[in-house]
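**Q** A predicted structure for the sequence below; I have some questions about it.
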Amino acid sequence: MTQLTHSPMTRLRGTNLRPEKPRLSVGFILAKRFTLCAFANFVDVLRLAADEGDRSRPILCNWTVLSDRMDPIPSSSGIFVQPKERLGDPTRFNYIVVVGGLIDESTSLGTSYQAFLHEAAAAGVPLIGVCTGAFLLHDAGLLNGYRSCVSWFSHSDFKEQFDGLDPVADQIFVVDRDRLTCAGGVSSAHLAAYLVDKHVGRAHASKSLHIMIIDDAHQAEKPQPGIPLDLKTKNPVVRRALLLMQQNIDTPISIQDIAGRMGKSKRQIERYFRLSLGTSPQAAFLNIRLDMARHLIENSEKSVAQVAVDCGFCDSSHLSRMFRRRYGCTPQVLRIPPTADASV
């Protein structure tokens, strides 16, 4: 006799079985001109983890876009998303995700959204900031006392907007108790996979990423790609240190400070650099600043004095000495247009 088996997600006529309650429920708040890529990556991980294959039924996970007025919301690419539900009771979700976008156009959420987020926080619903969503949560006073993550690209804007705060910009995401933040882009897929792993299972998280042609889930400490460097290494400790150097070109920090931020000793950092790059972290930091100085000399109209300040040198004389030692000429020489060939 063939025994019939049924999925627990199936409701059978004449029985007491009911569809399984979603294990992970997420509400999204989209800022005006939000980043579509970051939002789509997050949602697709949930979608693919929620059902068999890519059938997209919200069984194990569900998700919805929330709004106060239900008007279509424009993304930074000009594509609009139609909200599905009004704000309502935040406790119906396991997480509330705020997806930010263009810094100049989404500096603050409306009062109704801020009230909703404060209600969620008071009820213990974890809040997530994606892309510049960390800006919006900080603006609402909901990240005070929490570590937060922003993109390396937005790091200086964050420090300028929130004086005295220095967010993490050398990791793809940060989990600090009931606040989670990520840099956006593909990192939002990895943060979503972290949630799926926690609530639904690792197999479902891996399946989502593999269908999306993304490598296995990255941990929060995975370094952000940052600005392209001539210094190439696969060592994650060295890559994070290089990224911290990039983010502090104008006000160089000591190797001791870099090591402290990474939970390492100065000696450990120096050993990693020797093994991976064959140089010291101090020399690597100087080369990063000189490379940036050369880039600005060749591609901007900034004065040599201003370039020196922007790249963390005492003055133009200091820059010129280091520049000559590295490139065999002064910055001023690169600014002199080549002499035309008189025979032409």
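**A** In hand now; what should we look at? Residues are numbered from 1 along each chain as shown.

**Q** which helix in this structure runs the most residues?
**A** Taking DSSP state H as the criterion, the chain has its longest helix at helix 281-299.

**Q** Which residue, other than its chain neighbours, is closest to residue 269?
**A** residue 259 (4.7 Å; Cβ to Cβ, 6 or more residues apart in numbering). All C-beta atoms are positioned from the backbone trio N, CA, C, and that covers glycine.

**Q** mind listing the helices for the chain?
**A** 36-49, 111-122, 133-139, 155-161, 187-199, 202-211, 236-246, 255-261, 266-277, 281-299, 304-310, 316-327, 331-335.

**Q** tell me how far the longest one is from the chain's mean position?
**A** Right, helix 281-299. Remark: helix 281-299 is offset 25 Å from the chain centroid, using Cα atoms, centre = their mean, to the nearest Å.

**Q** Extract the C-alpha trace of it and format it as CSV.
**A** Extracted as CSV, the C-alpha positions of helix 281-299 are listed here (Å, rounded to 0.1, in the frame of the first residue of the first chain):
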residue,chain,number,x,y,z
PRO,A,281,51.4,48.7,7.2
GLN,A,282,53.1,52.1,7.6
ALA,A,283,54.6,51.9,4.1
ALA,A,284,51.3,50.7,2.6
PHE,A,285,49.4,53.6,4.2
LEU,A,286,51.9,56.1,2.8
ASN,A,287,51.6,54.6,-0.7
ILE,A,288,47.8,54.8,-0.5
ARG,A,289,48.0,58.5,0.4
LEU,A,290,50.5,59.2,-2.4
ASP,A,291,48.4,57.3,-4.9
MET,A,292,45.4,59.4,-4.0
ALA,A,293,47.5,62.6,-4.2
ARG,A,294,48.7,61.7,-7.7
HIS,A,295,45.1,60.9,-8.7
LEU,A,296,44.0,64.3,-7.5
ILE,A,297,47.0,66.1,-9.1
GLU,A,298,46.2,64.5,-12.5
ASN,A,299,42.4,64.6,-12.4
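
**Q** Hey, what's the angle from it to helix 266-277? Just curious.
**A** What separates the directions of helix 281-299 and helix 266-277 is an angle of 60 degrees, with axes from the mean of the first three to the mean of the last three Cα atoms, to 10 degrees.

**Q** How is the chain divided into domains?
**A** 24-211, 227-344 (automatic domain parsing).

**Q** Okay, now the unreliable bits of the stretch 151-300 of the chain?
**A** The model of the stretch 151-300 of the chain has pLDDT under 70 over residues 152-166, 169-170, 221, 223-231.

**Q** I'd like to know how many residues surround the residue nearest to residue 269.
**A** 21 (other Cβ atoms under 10 Å).

**Q** Equivalent analysis for residue 305, please.
**A** 13.

**Q** Repeat that for the one 5 residues further on.
**A** Residues contacting residue 310 under the criterion other Cβ under 10 Å number 17.

**Q** Confirm for me that it is in contact with residue 289.
**A** No - taking contacts as Cβ atoms under 8 Å, residue 310 lies outside contact range of residue 289: 9.4 Å.

**Q** which residues are common contacts for the two?
**A** The contact sets of residue 310 and residue 289 overlap at residue 249 (Cβ atoms under 8 Å, 6 or more residues apart in numbering).

**Q** dump the residue contacts of residue 131.
**A** If you count contacts by Cβ under 8 Å, 6+ apart, residue 131 has them with 34, 35, 38, 99, 100, 101, 151, 182, 183, 184, 185, 188.

**Q** same deal with residue 315?
**A** Contacts of residue 315 by Cβ under 8 Å, 6+ apart are 305, 308.

**Q** about what we covered before: return the most buried member of the domains of the chain.
**A** Comparing those by mean neighbour count (mean count of other Cβ atoms under 10 Å), domain 24-211 comes out on top with a mean of 20.

**Q** How about residue 184, nearest residue that isn't a chain neighbour?
**A** Per Cβ to Cβ, 6+ apart, closest to residue 184 is residue 131, 3.2 Å.

**Q** Kindly state the pLDDT recorded for the one you found?
**A** The model reports residue 131 with a pLDDT of 89.

**Q** what about it, distance to residue 40?
**A** 12 Å (Cβ to Cβ, to the nearest Å).

**Q** Then residue 101?
**A** Applying Cβ to Cβ, the value for residue 101 to residue 40 is 13 Å.

**Q** repeat for residue 112
**A** 25 Å.

**Q** Check residue 150 too.
**A** The value you get for residue 150 to residue 40, if Cβ to Cβ is used, is 20 Å.

**Q** and if you look at residue 255?
**A** 39 Å.

**Q** Just list whatever residues bridge to residue 25.
**A** residue 62 (DSSP bridges).
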